[in-house]
Structure formats: structure tokens, C-alpha cells
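>>> Structure of the sequence below:
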Amino acid sequence: MSLYDYGLSTLAQYELTADRSARTRGALLCYTSQGLLILREFHGSEKKLKKQQELLLHLKECGMNTDYFLQNTQESLVSKDKDQMAFTLQHWYEGRECDTKSRDDIIKSVRTLARLHILMKMEPVEEYRERSLRDEYLRHNQELRKIRKFIRKKGASSVFEKDYLASVEWFLQRAQYAVELLDETEYDSLREKVWREGQVCHGEYNQHNVLMLKGEDETAAVTNFGHWNFDIQMADLYRFMRKILEKYNWNLNLAQEMLREYHRIRPISKAEWQNLRVRFTYPEKYWKLANYYYSHKKVWISEKNVEKLQNLMRQRENWKDFAQKCFEVYPADF
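Numbers count the residues shown, from 1 in each chain. Down below sits the predicted model:
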């Protein structure tokens with residue numbers, strides 16, 4: 001019997017039973033008298049979970065489809081089984097993940113994000129404030145140099161290590177430029193403004209967390225808010241666009257269509273536009289691959305990560321041109 005089969009016993013704490021269940025990514029779908037629910041093992045902070053529930057219920061009241069939590073009979077969001085393993089139970093939806101090959105799905109996801117951002121505001125809590133982008137970039141740049149030094153010292157023996165040394169100077173230059181660009185923008189005042197307003201980010205808005213609902217032409221459900229934080233909401237838009245545009249070789253027309261649809265629903269300010277340009281200038285994916293390599297320090301590096309690095313190297317000029325062309329001038333009207 002698997003871990004998630006054991007978790008089924010916690011349904012009794014909600015006075016529920018599952019007519020049937022099905023495995024899904026890291027969880028168990030349960031078909032119950034209250035509809036489709038999802039049961040997950042819980043390892044996080046119950047304090048943050050309560051704030052997350054506050055946000056989800058607010059979105060639900062405003063007509064958004066989200067995976068809000070159920071309270072058990074003890075009015076708790078977390079239930080423990082006989083082995084003291086913690087689980088949560090959430091409302092779930094019949095639907096499919098956003099198809100990155102479908103422009104309709106992509107644009108619908110962008111529109112959903114814009115509507116979400118209008119509503120996502122809470123009383124600021126310092127504990128859940130995202131770190132400064134400047135501090136993050138400076139730390140990442142230091143790590144890129146550290147990894148360069150590490151590989152040079154030990155000697156590049158793998159394809160990944162050789163490709164890293166062949167490309168790091170170019171990407172590090174872009175990384176340094178992003179910091180300089182950030183310092184030329186109104187980042188600090190923008191960060192303080194969104195903090196005072198209590199603007200909230202989803203934190204992991206990507207195609208896997210947007211469900212296209214069956215039989216609903218214009219409706220989507222947004223799930224997995226576990227990484228929510230207080231930050232400039234352009235961080236969400238950037239993450240979603242980057243994931244998509246990497247698959248489309250940084251197609252400028254698609255990017256402009258996404259930006260136009262978002263802006264039509266939730267206007268992007270000039271300072272936010274500048275912030276997007278900075279984010280797209282920084283080689284975040286490159287840093288992530290390098291950091292993964294260094295933190296694991298594996299003798300064997302997966303072929304998948306080698307391919308990802310080589311793909312970044314192939315796309316680098318398109319990516320560089322994209323950031324310059326797409327965000328250089330703030331449009332008064334799309």
C-alpha cells in the first residue's frame with residue numbers, strides 16, 4: 001500500500017469517503033459526495049497555510065476557481081493519519097493543464113493571471129515578503145563565478161562542464177548588465193509601493209498550475225499557491241512568459257500578444273514594464289542549470305540538463321534581441 005493510500009484514512013476526519021480514487025502528480029484524486037477533491041501530504045508551515053487559505057477564499061468569493069482547502073471536523077486545514085503523517089484536502093477540478101502548443105490556452109492563461117493579480121492583495125506580512133531582486137541577482141552572479149572557478153580548478157571533463165566554460169563569460173556579462181539595468185529603473189520605489197498595497201504573487205504560475213475546465217470556453221482554474229509571496233506581480237507574468245517563450249524560440253509576436261492581453265485587463269505601469277525588461281535580461285535559466293550542477297556535484301550529469309544548456313547557448317542571441325526589442329520602449333497603448 002502506498003503513502004497516499006494510507007492518507008485516505010484522513011477522509012474520515014472530514015466525514016467523507018471516496019467512491020473511487022486515482023493517482024496524480026504527488027497526490028491522490030478523491031471522488032466524493034462533495035465532488036472532486038485532492039489529498040496531498042503536507043510538509044509546510046500551518047501558519048502560512050492559513051494565510052494561503054485566506055487568499056484562496058477571497059479569490060473564490062470574487063468568482064475565481066482555486067484549489068481552496070477543506071477544514072476537518074476539528075476546524076483544522078491539516079489532518080494526520082495513524083502514523084502522524086500530515087495531509088491536506090482541497091477542492092479540485094475536472095480539466096486539463098494549459099497546453100503550451102495552443103495559443104488559445106496560452107492567452108487564456110495570461111488573461112486569468114491578469115484577473116488574478118487585480119484581486120490578489122492582503123495585509124502585508126514581512127515574513128512572506130520576497131527578497132530583493134537586486135540581492136538575488138548579485139548572489140546568483142557570485143555563484144556563477146564560483147562555479148566557473150570550481151570547474152577550472154578541477155578540470156572540465158564532462159560535456160556540461162566544457163559547455164559551461166565555453167559560455168559562462170557571455171551569460172555572466174548579461175547577468176551583470178541586468179544588475180546595472182535594474183539600478184537605472186524605479187525598482188526600489190516600485191517594490192515599496194507594491195508592498196504597501198499588499199500585492200501578492202502566485203509564486204509558481206506556469207502551465208502545470210492552470211487547468212482548462214471541461215465545457216467552459218473562457219474558464220480556467222488556478223492551483224498550487226504554495227509558493228505565494230508579497231512581491232511585484234510582474235514576477236508571475238515573467239515566469240509564465242519565459243516558460244512559454246523558451247518553447248517558441250523567443251517569438252516576439254507571441255510575447256507582444258501575451259503582454260497586450262494582460263495589459264488590456266490589468267494595465268502594466270511604466271515601472272512594471274521596466275521591471276519586466278530587467279527580468280528578461282537576466283539569464284535565470286542558465287543560473288538554475290549551473291546551480292543544480294554545483295549543488296549536486298554529480299560525477300554523472302543528466303543528458304537532459306546537457307541538452308537544456310546547449311539549447312540556451314543556441315538561443316542566446318534570439319533571447320538577447322528579444323529583451324531589447326520587446327521592452328525597450330514603453331507603449332502608451334498596445
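>>> Point out the other helices and strands that the helix or strand containing residue 317 packs with.
According to DSSP states H and E, residue 317 maps onto helix 303-327. Using 3 or more Cβ pairs under 8 Å, 6 or more residues apart in numbering; DSSP states H and E as the contact definition, the elements that helix 303-327 packs against are helix 159-183, helix 234-247, helix 252-265, helix 270-281, helix 284-296. From N, CA and C alone the C-beta is placed, and that goes for glycine too.
>>> Give me the next element, helix or strand, following the one helix or strand residue 38 maps to.
Using DSSP H and E, residue 38 sits in strand 35-41. Going down the chain from strand 35-41, the next helix or strand is helix 46-61, by DSSP H and E.
>>> Which residues does whatever helix or strand comes next after that next one contact?
Downstream of helix 46-61, the next assigned helix or strand under DSSP H and E is strand 65-66. Contact partners of strand 65-66, identified using Cβ atoms under 8 Å, 6 or more residues apart in numbering, comprise 56, 59-60, 91, 93, 211, 213, 219-223, 225.
>>> Count the residues that sit near residue 202.
Neighbours of residue 202 under the rule other Cβ atoms under 10 Å: 26.
>>> Just give the nearest non-adjacent residue to it, would you?
Closest residue in space to residue 202, ignoring its immediate chain neighbours: residue 236 at 5.2 Å, by Cβ to Cβ, 6 or more residues apart in numbering.
>>> Am I right that that neighbour is in contact with residue 203?
Yes - proximity of residue 236 to residue 203 meets the contact threshold set by Cβ atoms under 8 Å, at 7.5 Å.
>>> which sections of the stretch 151-300 of the chain are below the confidence cut-off?
Applying pLDDT under 70 to the stretch 151-300 of the chain flags residues 216-218, 299.
>>> Pull the number of nearby residues for the residue nearest to residue 85 when sequence neighbours are not counted.
Of all residues not flanking residue 85 in the chain, residue 41 sits nearest, at 6.4 Å (Cβ to Cβ, 6+ apart). If you count neighbours by other Cβ under 10 Å, residue 41 ends up with 16.
>>> Residue 41 contacts residue 78, doesn't it?
No - with contact defined as Cβ under 8 Å, residue 41 does not count as touching residue 78 (10.4 Å).
>>> shared neighbours, the two?
With Cβ under 8 Å, 6+ apart as the test, residue 41 and residue 78 both reach 86, 87.
>>> which residues touch the closest residue to residue 144 other than its chain neighbours?
Once flanking residues are discounted, residue 144 sits nearest to residue 172: 5.4 Å by Cβ to Cβ, 6+ apart. If you count contacts by Cβ under 8 Å, 6+ apart, residue 172 has them with 141, 144, 145, 148.
>>> now the residues you listed as a markdown table including distance to residue 290, pLDDT and neighbour count?
What follows is those, written out as a markdown table (distance: Cβ to Cβ, whole Å; pLDDT from 0 to 100; neighbours: other Cβ atoms under 10 Å):
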| residue | distance to residue 290 | pLDDT | neighbour count |
| --- | --- | --- | --- |
| 141 | 11 | 98 | 18 |
| 144 | 6 | 98 | 22 |
| 145 | 10 | 98 | 13 |
| 148 | 9 | 97 | 16 |
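>>> wait, what's in contact with residue 194?
By Cβ under 8 Å, 6+ apart, the residues touching residue 194 are 230, 231, 232, 233.
>>> quick one: which of residue 236 and residue 203 has more around it?
Just comparing residue 236 and residue 203: by other Cβ under 10 Å the higher neighbour count belongs to residue 236, 23 against 18.
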